[in-house]
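**Q** structure for this input, please:
(chains A and B)
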Number of protein chains: 2
Amino acid sequence: MTESATLAGLGEFGAVGLLTRGLVAGAGVELGPGDDAAVLQPGGARVVVSTDTMVEGVHFRRDWGNGLETGRKAVAAAAADLEAMGAEPWALVVSLTAPGDLPVTWLRFFHQGVLSECELAGLQLVGGDTTRGRDVTLGMTVLGRLDGEPVTRAGARPGDVVAVRGRLGWAAAGLAVLTRGFRSPRAAVAAQLVPEVPWGAGGEARRAGASAMIDVSDGLLADLGHVARASGVSVDVEAARLEVPEVLRTVAQATGKDALGFVLTGGEDHALAACFPAAGVPDGWSVVGRVVEAGDEPAVTVDGRRWEGAQGHDHFA
Amino acid sequence: MTESATLAGLGEFGAVGLLTRGLVAGAGVELGPGDDAAVLQPGGARVVVSTDTMVEGVHFRRDWGNGLETGRKAVAAAAADLEAMGAEPWALVVSLTAPGDLPVTWLRFFHQGVLSECELAGLQLVGGDTTRGRDVTLGMTVLGRLDGEPVTRAGARPGDVVAVRGRLGWAAAGLAVLTRGFRSPRAAVAAQLVPEVPWGAGGEARRAGASAMIDVSDGLLADLGHVARASGVSVDVEAARLEVPEVLRTVAQATGKDALGFVLTGGEDHALAACFPAAGVPDGWSVVGRVVEAGDEPAVTVDGRRWEGAQGHDHFA
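**A** Model prediction:
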């Protein structure tokens, strides 16, 4: 088979084989791909499960990023949800839907990207499924192990501080660049193509006593809004505490956007945002705000006022 | 919101809410939908995981079956893989990709279908995700609990008998009817729209000492071929032992097909096929063949000869 071959030529079983090959069962994995299901042994731990889907043209474009970048992004976006519960990433099952004319080369790069990000995250690819469809659709279901209580969105208490770990606004800045047909600044573009998840930081936050946690997929304000509503509190972000890197200022200037707006409302970076008792913020986390009593209803404010810009995104809107 | 509303009007969070609402955490489920991930407690058992995707136009048509039937079929097809390992169905996460003009009515019926089949299977819906895309794509990832060793495809031994539990050929007969624009015999059409999985039979087979097991999704001969190759054996099916129900004969006659061909090569019924020591076949299972030493290579024969008809299907072919 040549590298110009397509998925149609590979066939369903060939595609599944390519997607899942070369895997060795690791910690807690008794049986990997190739049977009706994978078999895992959590050894007394809780099991945490989450699913995330990326669709070509909605979440990624094949003319912007290659298969390796897309595979990494799909894994990162899904597994960040495990970190956000304070769990340890453990196992991944991949569902690939694609048209028959998808180049096998893209699939090989995608497979490499999946494995690369799995290694960073600590995940093991234990199963896969391929299906024909018009859009390339990447369904990632991730399982985590959790020794202890999960950190939900619902535990924030007035008096806690809000801290973040990871980058904010970079992926949105990259999107602003790419949608205008540019490929630089490269750091912003790279952040849109592959998020840099702070792997391991979720478990650290849990062990440090985080009261609530979420990964920033929709934008800091939107995701803190989920925490505020689930916890029945309000959150105030102090703009002066947010880092606005030079690359965001550059992109903002070039695209007529607001650099702070990228930081506050940009999604897809998959940083972690967590609430901690004021004295308990672990190293590496930046305090960006505080939890207060909810007024008439839970709200998120910036320096005491509602933010007037955009509030994250909604894929069906 | 009226029943003529669409997914675009509902929005992403509204769609996820509709998809996962009304759920109460049950056995082993500590935290269901609404946070970054669900949290499960297997209580010392192994965890079995499998994923399965259905795409509109490939695996189902909205003009053939309604949302309720499609929801039931999607759950059944995925969870049958848990039965095939001898596991107890436990938890489900659903990923729905759909165009913005999908009627909310369809989504409500789909949700009811998912919950109905979950109840039959013993599954709990613990999470969901919705995404925009051109094709309605249903990603179902199922988790099972397993107290004991899994029944893989690899344990069949010469001298074992091959037995089946559930229907064979019905879904294929229904497909033959529907593709010709007919809606009857209704029993065959209904079998195509919603498979009748023998829930619980996988665990029974495991406890009875099954040496290998698979669910019949690609067709009896094709799926026994997977068992033969994984086990390094050959399998001979005795045609006279296969039940060929009247409805299959009727459809075969009307469509110019072979009724026995439906039974041997028809997919999507999700019956279970298992190998047992000759004296150990549990009640309710029908012996249809035997396991023999592989010749030059593992093979599946019918009455000692290779079957000359079609050999199941491949979605990318």
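**Q** can you name the residues bridging to A:V29?
**A** Beta-bridge partners recorded for A:V29 (DSSP bridges): A:L40.
**Q** OK, contacts around it?
**A** Applying CB atoms under 8 Å, 6 or more residues apart in numbering or on different chains to A:V29 gives the contacts A:38-41, A:91, A:124, A:126. Heads up, the C-betas are built off the backbone N, CA and C, glycines and all.
**Q** how much space between it and chain B?
**A** Distance check for A:V29 against chain B: by CB to the nearest CB, to the nearest Å, it reads 10 Å.
**Q** what do you get for A:E293?
**A** 23 Å.
**Q** for that residue, grab the count of nearby residues.
**A** For A:E293, the neighbour count with other CB atoms under 10 Å in any protein chain shown is 11.
**Q** got a pLDDT number for it?
**A** A:E293 carries a pLDDT value of 98.
**Q** now it, which residues is it bridged with?
**A** A:V233.
**Q** that older thread, okay if I get the contacts of A:V29 as JSON lines plus pLDDT?
**A** Shown next, in JSON lines, are the contacts of A:V29 (pLDDT from 0 to 100):
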{"residue": "A:A38", "pLDDT": "91"}
{"residue": "A:V39", "pLDDT": "91"}
{"residue": "A:L40", "pLDDT": "91"}
{"residue": "A:Q41", "pLDDT": "90"}
{"residue": "A:A91", "pLDDT": "95"}
{"residue": "A:Q124", "pLDDT": "94"}
{"residue": "A:V126", "pLDDT": "93"}
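**Q** dump those to TSV, plus distance to A:A163.
**A** Shown next, in TSV, are these (distance: CB to CB, whole Å):
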residue	distance to A:A163
A:A38	36
A:V39	38
A:L40	32
A:Q41	34
A:A91	29
A:Q124	30
A:V126	33
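**Q** A:H270: which of those is nearest?
**A** A:A91 (18.9 Å; CB to CB).
**Q** wait, the closest one touches A:L143, no?
**A** Yes: here A:A91 lies in contact with A:L143, judged by CB atoms under 8 Å, at a distance of 4.4 Å.
**Q** if we can go back for a sec, of the contacts of A:V29, keep whichever come out buried.
**A** A:38-41, A:91, A:124, A:126 (16 or more other CB atoms under 10 Å in any protein chain shown).
**Q** ok so, going back, shared neighbours, A:A91 and A:L143?
**A** Contacts common to A:A91 and A:L143, judged by CB under 8 Å, 6+ apart, are A:40, B:49.
**Q** now the helices for chain A?
**A** A:7-20, A:67-83, A:104-121, A:170-179, A:186-193, A:201-207, A:220-231, A:246-255, A:259-265 (DSSP state H).
**Q** so which of these is the most surrounded?
**A** For the helices of chain A, the largest average neighbour count (mean count of other CB atoms under 10 Å in any protein chain shown) is found in helix A:67-83, namely a mean of 27.
**Q** is any residue of it near chain B?
**A** Yes: using CB under 8 Å from any CB of the partner chain, we find that helix A:67-83 touches chain B at A:81-82.
**Q** please name the nearest non-neighbouring residue to the most centrally placed residue in chain A.
**A** In chain A, the centroid-proximal residue (CA atoms, centre = their mean) is A:A77; its distance is 2.6 Å. With CB to CB, 6 or more residues apart in numbering or on different chains as the criterion, A:A77 has its nearest non-adjacent residue at 5.3 Å, and that residue is A:D52.
**Q** for burial, what's the neighbour tally of A:V216?
**A** 29.
**Q** so how far is B:F13 from A:L224?
**A** Noted for A:L224: a distance of 15 Å to B:F13, by CB to CB, to the nearest Å.
**Q** go on, A:V244?
**A** 28 Å.
**Q** what bridges to the closest residue to A:T137 other than its chain neighbours?
**A** In this structure, A:T137 finds its nearest non-sequential neighbour in A:T97, 4.0 Å apart by CB to CB, 6+ apart. Beta bridges link A:T97 to A:T131, A:T137 when assigned by DSSP bridges.
**Q** who are the contact partners of A:T97?
**A** Contacts of A:T97 (CB under 8 Å, 6+ apart): A:130-133, A:135-139, B:53, B:55, B:135, B:137.
**Q** any idea which of those residues has the most stuff around it?
**A** In those, the most neighbours by other CB under 10 Å go to A:G139, 31 neighbours.
**Q** excluding covalently adjacent residues, which one is nearest to it?
**A** Excluding the flanking residues, the one nearest A:G139 by CB to CB, 6+ apart is A:S95, at 3.5 Å.
**Q** likewise A:D101?
**A** Per CB to CB, 6+ apart, closest to A:D101 is A:T6, 5.0 Å.
**Q** give the full set of residues in contact with the residue lying closest to A:D258 once chain neighbours are set aside.
**A** Excluding its sequence neighbours, the residue lying closest to A:D258 (CB to CB, 6+ apart) is A:A252, at 5.9 Å. The contact partners of A:A252, by CB under 8 Å, 6+ apart, come to A:173, A:258-259, A:261-262.
**Q** pLDDT at A:A252, what is it?
**A** Looking at A:A252, its pLDDT is 96.
**Q** how close does it get to A:L260?
**A** Counting by CB to CB, the gap from A:A252 to A:L260 is 8 Å.
**Q** the closest residue to A:A278 other than its chain neighbours: neighbour count?
**A** Distances taken as CB to CB, 6+ apart put A:V161 closest to A:A278, at 5.2 Å, once the chain neighbours are dropped. Using other CB under 10 Å, A:V161 has 19 other residues around it.
**Q** shouldn't A:V161 be in contact with A:V287?
**A** Yes: with contact defined as CB under 8 Å, A:V161 reaches A:V287; the gap is 4.9 Å.
**Q** what touches both of the two?
**A** Common neighbours of A:V161 and A:V287 (criterion: CB under 8 Å, 6+ apart): A:V281.
**Q** where in the stretch 201-317 of chain A is pLDDT low?
**A** Scanning the stretch 201-317 of chain A for pLDDT under 70 picks out A:310-317.
**Q** quick one: contacts for A:G67?
**A** With contact taken as CB under 8 Å, 6+ apart, A:G67 is in contact with A:105-113.
**Q** among the residues you listed, which one lies nearest to chain B?
**A** Each of the contacts of A:G67 was scored against chain B by CB to the nearest CB, and A:L107 proved nearest at 11.4 Å.
**Q** could you find the closest non-adjacent residue to that closest one?
**A** That would be A:L18: by CB to CB, 6+ apart, it lies 6.0 Å from A:L107.
**Q** A:V189 too?
**A** In space, A:V189 is closest to A:G174, 4.7 Å off (CB to CB, 6+ apart).
**Q** can you give me the distance of the one you found to A:V161?
**A** As judged by CB to CB, A:G174 and A:V161 stand 29 Å apart.
**Q** the closest residue in space to A:V288 that isn't next to it in sequence: neighbouring residues, count only.
**A** Leaving aside its sequence neighbours, A:V288 sits nearest to A:R241 (CB to CB, 6+ apart; 4.8 Å). Using other CB under 10 Å, A:R241 has 13 other residues around it.
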